[in-house]
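Undergrad: coords please:
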Amino acid sequence: MYRFKKQSLHFLKSNYKFFSNQTHLQNAGPMATHLRTRSVIRFTGPETVKFLQGLVSNDVRKLADPQPEDRTTLATTNVPFVSVPPVYAALLTPQGRFLYDMFLYRPGRADEKLDRTGSGPGPSPDTGEVELFADVDGSELDELLQTLKKYRLRSKVDIESVADDFSCWQRFGQDLGQNSSVEPDAASLGWGGGFDRSGQSSSQGNNYGWQWYRDPRLDCLGFRGIFSSNTTPPLVEADKETNEENYLLWRLEKGVAEGSAEIPKGEAVPLEYNLAGLNGISFDKGCYVGQELIARTHHRGVIRKRLLPLKFLNESGKEVEQKVAPKSEVIDASSGKKAGTVTTALGSCGLGLLRLDEAFKGSLAIRGLDDVKVQAIKPGWWPAEWASDHQEQTAAV
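TA: So this is what the prediction gives:
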């Protein structure tokens, strides 16, 4: 695990210069990145869904029970006619603090795709056998496996790392932010006025049945998928592939944290890091580890701090780069009062956990850096009630 962390850190540093001059990605076209900081875990066994349902923050039963909207007429040997969207969820401490996040996928079964001849469905799988894959933080892989196996007890589920066999990818950019479950590039395939279904299916999936899925957190994040490590994902061309820091910048500008490097393990309150707004928490699924604190905080309806996108500026309002580090203290410049903490920083962008009654006053700075000002930005995807909560807290103060 230490070696993985060291390699990831070297990867980030070695490519930083390229991205430090590209902090504005709003107009960028479709890009794809191999998420080298993520790994893949496989769950198999008849009690897989039951085991995860009592463990993670979201409702995973939908993965085992496809809905009518999950069915498509686009059936080939490489794209199933049942395509269940992935589920974003978190594993918490018993006290309701964040530990790990994960994207859970249900791969298409053989009987949900055409066989090699194209004449009918493939063979039915063994009765009761369930297989799920999880896209997880690679730097926490070993510890996460130990934690999962600790909770397994006598559950009929096998848990193993398949990090060498599968890789995680993300496609993002301006053209991918529209509300559609189908990749724009895939939907536009065809010739003349016709529609090439085989061409579209080839662009969406591969021989293993893996395909791009709309990111379950936010439409503006694009598409995400797990693919075999020895193949290039569909729609990924040489001129479209980019380094992972571009995706990090894309997330920072949207105010979305990912992994324990950005969501402090054992400390972060999931609701303060906006996991409810990112479709990572179900409030009606029943009990899971850490559920009591989450439910109590949610029903109380008072969230005084939230994670926000930050811009770092100089006195003249121009962006400054490489001056602010994570854990820097954000203060009210006029009073010196602490407003929050920078949790992630890259170039002139960052994320910060700030008190809402201080975040938008327009006079934020970094303690100890007199020449750096901080601009907190309210993301456009925030639910309307979050904005009203902020206004009520400000009025109360």
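
Undergrad: Quickly note the distance from Asp371 to Trp250.
TA: As judged by Cβ to Cβ, to the nearest Å, Asp371 and Trp250 stand 27 Å apart. In short, each C-beta sits where N, CA and C put it, glycine included.

Undergrad: Show me which of these two is the more surrounded one.
TA: Neighbour count, other Cβ atoms under 10 Å: between Asp371 and Trp250, Trp250 has more, with 24 against 11.

Undergrad: Where does the more buried one sit: helix, strand or coil?
TA: What DSSP: H, G, I helix; E, B strand; the rest coil gives for Trp250 is helix.

Undergrad: Make residue 1 into 43 and carry on from there
TA: All right, first residue 43 from here; so that's Trp292.

Undergrad: Tell me, how many residues neighbour Asp179?
TA: Counted with other Cβ under 10 Å, Asp179 comes out at 22.

Undergrad: In contact with it, which residues are there?
TA: Residues near Asp179 by Cβ atoms under 8 Å, 6 or more residues apart in numbering: Thr79, Arg80, Ser81, Tyr142, Asp143, Leu186, Gly301, Ser302, Ala303.

Undergrad: how about 10 Å then?
TA: 79-81, 141-144, 185-186, 300-305, 307 (Cβ atoms under 10 Å, 6 or more residues apart in numbering).

Undergrad: Mind checking which of these land in helices?
TA: Mapping the contacts of Asp179 onto helices (DSSP state H) picks out Glu185, Leu186.

Undergrad: ok, so of the contacts of Asp179, who is nearest Leu174?
TA: Checking those against Leu174 with Cβ to Cβ, the nearest one is Met144 at 10.1 Å.

Undergrad: contacting residues for the residue lying closest to that closest one once chain neighbours are set aside?
TA: In this structure, Met144 finds its nearest non-sequential neighbour in Ala176, 4.5 Å apart by Cβ to Cβ, 6 or more residues apart in numbering. Taking Cβ under 10 Å, 6+ apart, we find Ala176 in contact with 80-85, 94, 98, 128-129, 131, 133, 142-147, 186, 190, 201, 204, 268.

Undergrad: circling back to that earlier point, buried subset of the contacts of Asp179 as a ChimeraX selection?
TA: In ChimeraX syntax, the buried subset of those is picked out as below (16 or more other Cβ atoms under 10 Å):
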select :79,80,81,141,142,143,144,186,300,301,302,303,304,305,307
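
Undergrad: Among the contacts of Asp179, which ones are in strands?
TA: If you go by DSSP state E, these have Arg80, Ser81, Leu141, Tyr142, Asp143, Met144 in strands.

Undergrad: What average pLDDT does stretch 401-408 get?
TA: Stretch 401-408 shows a mean pLDDT of 92.

Undergrad: same check, this time on stretch 324-332
TA: Here the average pLDDT along stretch 324-332 is 95.

Undergrad: can I have it written out in CSV, keeping just the CAs?
TA: Taking C-alpha atoms only, stretch 324-332 is exported to CSV below (Å, rounded to 0.1, in the frame of the first residue of the first chain):
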residue,chain,number,x,y,z
SER,A,324,-30.4,7.1,1.2
PHE,A,325,-32.6,8.3,4.0
ASP,A,326,-35.2,5.6,3.7
LYS,A,327,-33.2,2.4,3.2
GLY,A,328,-33.1,1.4,6.9
CYS,A,329,-30.1,0.7,9.1
TYR,A,330,-26.5,0.7,8.1
VAL,A,331,-23.2,1.4,9.9
GLY,A,332,-23.2,5.1,11.1
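
Undergrad: Return the set of buried residues in it.
TA: For stretch 324-332, burial by neighbour count (16+ other Cβ under 10 Å) applies to Ser324, Lys327, Tyr330, Val331, Gly332.

Undergrad: Repeat that for stretch 331-338.
TA: For stretch 331-338, burial by neighbour count (16+ other Cβ under 10 Å) applies to Val331, Gly332, Gln333, Leu335, Ile336.

Undergrad: returning to that earlier point: buried subset of the contacts of Ala176 as a PyMOL selection?
TA: Entered in PyMOL, the line below selects the buried ones among those, by 16+ other Cβ under 10 Å:
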select buried, resi 80+81+82+83+84+85+94+98+128+129+131+133+142+143+144+145+146+147+186+190+201+268
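
Undergrad: need the helices for the chain, in chain order.
TA: Residue ranges of the helices in the chain, as given by DSSP H, are 44-56, 58-62, 90-95, 103-106, 183-194, 226-229, 239-246, 286-296, 333-342, 398-401, 426-438.

Undergrad: can you map out the strands along the stretch 193-342 of the chain?
TA: All strands of the stretch 193-342 of the chain, identified by DSSP state E, counting those that start in this stretch, fall at 200-203, 208-214, 255-256, 265-270.

Undergrad: if we can go back for a sec, closest to Leu352 out of the contacts of Asp179?
TA: Glu304 (12.8 Å).

Undergrad: Could you list the low-pLDDT ranges of the stretch 93-242 of the chain?
TA: Residues of the stretch 93-242 of the chain meeting the criterion pLDDT under 70: 108-124, 151-169, 217, 219-242.

Undergrad: residue contacts, the residue lying closest to Ala387 once chain neighbours are set aside?
TA: Sequence neighbours aside, Val366 is the residue nearest to Ala387 in space, at 4.8 Å (criterion: Cβ to Cβ, 6+ apart). By Cβ under 10 Å, 6+ apart, the contact list for Val366 reads 352, 354, 372, 384, 387-392, 394, 408, 411, 414, 416.

Undergrad: And the pLDDT at Val366?
TA: 96.

Undergrad: how close does it get to Val384?
TA: Distance of Val366 to Val384, given as Cβ to Cβ: 6 Å.

Undergrad: so what sits against both of the two?
TA: Leu352, Phe354, Val372, Gly392, Gly394, Ile408, Val416.

Undergrad: Take the strands of the stretch 193-342 of the chain and lay them out in JSON lines including distance to Glu89.
TA: Formatted as JSON lines, those follow (distance: least, Cβ to Cβ, whole Å):
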{"stretch": "strand 200-203", "distance to Glu89": "10"}
{"stretch": "strand 208-214", "distance to Glu89": "23"}
{"stretch": "strand 255-256", "distance to Glu89": "25"}
{"stretch": "strand 265-270", "distance to Glu89": "22"}
